[in-house]
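Undergrad: Have a look; sequence and predicted model below, questions after that.
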Amino acid sequence: MCRHLAYLGPPVTLRALLFDPPHSLVRQSWAPRDMRGGGTVNADGFGVGWYPDGAAPVRYRSAQPIWSDPALPGLADATVTGAVLAAVRSATVGMPVHAGAAAPFAEGRWLFSHNGVVRGWPDSVTELAAGLPVRDLLTLDAPTDSALLWALVRHRLRAGAPPAGAVADTVRSVLAAAPGSRLNLLLTDGRTAVASTAGHALSVRADTDAVLLASEPYDDDPAWRPVPDGSLVEATPAGVRVTPLAAGRAGTS
Ligand code: GLN
């Protein structure tokens, strides 16, 4: 059910985040430990977004499994960055497989990812979608639940909502319209990362000058902490805040 990762801290190579750890995101693409909600591997594409020297993020997305991409190892060796959002995808049954459906979704400084599924798609959320500008619906990256969730979060960000509010409000409204949905969202602007836990796993590792959020810990470092379900996480390299999401019921099956 997709796996994602965000890193904020001193510059590191993409290789150090994506390939080198014993349970790296690349390994999680073919041997994930926690695939609650279905699926066995995350082979329906991947994406990596990073921030070169404070500039707007660069994105590399593909519909191929991350392990088979011929360009990524070299790119990962050569790219040094202090902020990353990366994801590997296991497409929900019935949803298309192409690069546009792979996270991260992006606008301006923002990068976004979703682990999970919107139940009753698309009927359950048709009314929520109707609150978006028609242009946003016509320019979705893909006809998928994740792309619509990004449009809902982005709409709130554009209206001036703080990132934590945009994520929390979106999760609450989608859970109300589509109970049982799994909505682990992840959003960053390269300085702060916000995540929700609603039906899927998430762990946080705060080091002295860096922070990592990941669906699955990428190594056995005891600093990884599981985030309780139903939480909102706000993280910077300086600290992590976990508060209750106070949402409706997320999926458990
Ligand atoms: N439902 C989303 C998709 O199909 C996310 C999938 C997932 O988390 N496995 O892209």
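TA: Yep, that arrived.

Undergrad: The biggest strand by length in the chain pairs with which strands, parallel or anti?
TA: When the chain is parsed with DSSP state E, its longest strand is strand 3-13. The pairing partners recorded for strand 3-13 under DSSP bridges are strand 80-88 (antiparallel), strand 211-214 (antiparallel).

Undergrad: Any buried residues in the first one, and which?
TA: Applying a neighbour-count criterion of 16 or more other Cβ atoms under 10 Å, one finds 81, 82, 83, 84, 85, 86, 87, 88 buried in strand 80-88. Bear in mind the C-beta positions are built from the backbone N, C-alpha and C, glycine included.

Undergrad: And the next helix or strand past that strand?
TA: Where DSSP states H and E defines the elements, the next helix or strand beyond strand 80-88 is strand 105-107.

Undergrad: and the helix or strand containing residue 26, how far from the chain's centre?
TA: Assigned by DSSP H and E, residue 26 belongs to helix 25-30. Helix 25-30 sits 15 Å away from the centroid of its parent chain (Cα atoms, centre = their mean, to the nearest Å).

Undergrad: Kindly export it (C-alpha atoms) in CSV.
TA: What follows is helix 25-30 as a C-alpha-only set of coordinates in CSV (Å, rounded to 0.1, in the frame of the first residue of the first chain):
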residue,chain,number,x,y,z
LEU,A,25,12.8,2.6,0.4
VAL,A,26,14.1,0.6,-2.5
ARG,A,27,14.0,-2.6,-0.4
GLN,A,28,10.5,-1.6,0.8
SER,A,29,9.4,-1.6,-2.8
TRP,A,30,10.0,-5.4,-3.1
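
Undergrad: oh, and call the first residue 311 from now on, that's how I've got it
TA: I'll keep to 311 as the first residue from here, and by that count the last item is helix 335-340.

Undergrad: in it, what's buried?
TA: For helix 335-340, the neighbour count (16+ other Cβ under 10 Å) marks 335, 336, 337, 338, 339 as buried.

Undergrad: I'd assumed residue 315 was in contact with residue 395.
TA: Yes: taking contacts as Cβ atoms under 8 Å, residue 395 lies within contact range of residue 315: 7.3 Å.

Undergrad: coming back round to it: quick one: which of the strands paired with strand 313-323 is nearest the ligand?
TA: Proximity to the ligand, assessed across the strands paired with strand 313-323 by Cβ to the nearest ligand atom, is greatest for strand 390-398 (8.7 Å).

Undergrad: ok, back up a step: with pLDDT added, can I get the buried residues of helix 335-340 in JSON lines?
TA: Shown next, in JSON lines, are these (pLDDT from 0 to 100):
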{"residue": "335", "pLDDT": "94"}
{"residue": "336", "pLDDT": "92"}
{"residue": "337", "pLDDT": "91"}
{"residue": "338", "pLDDT": "88"}
{"residue": "339", "pLDDT": "90"}
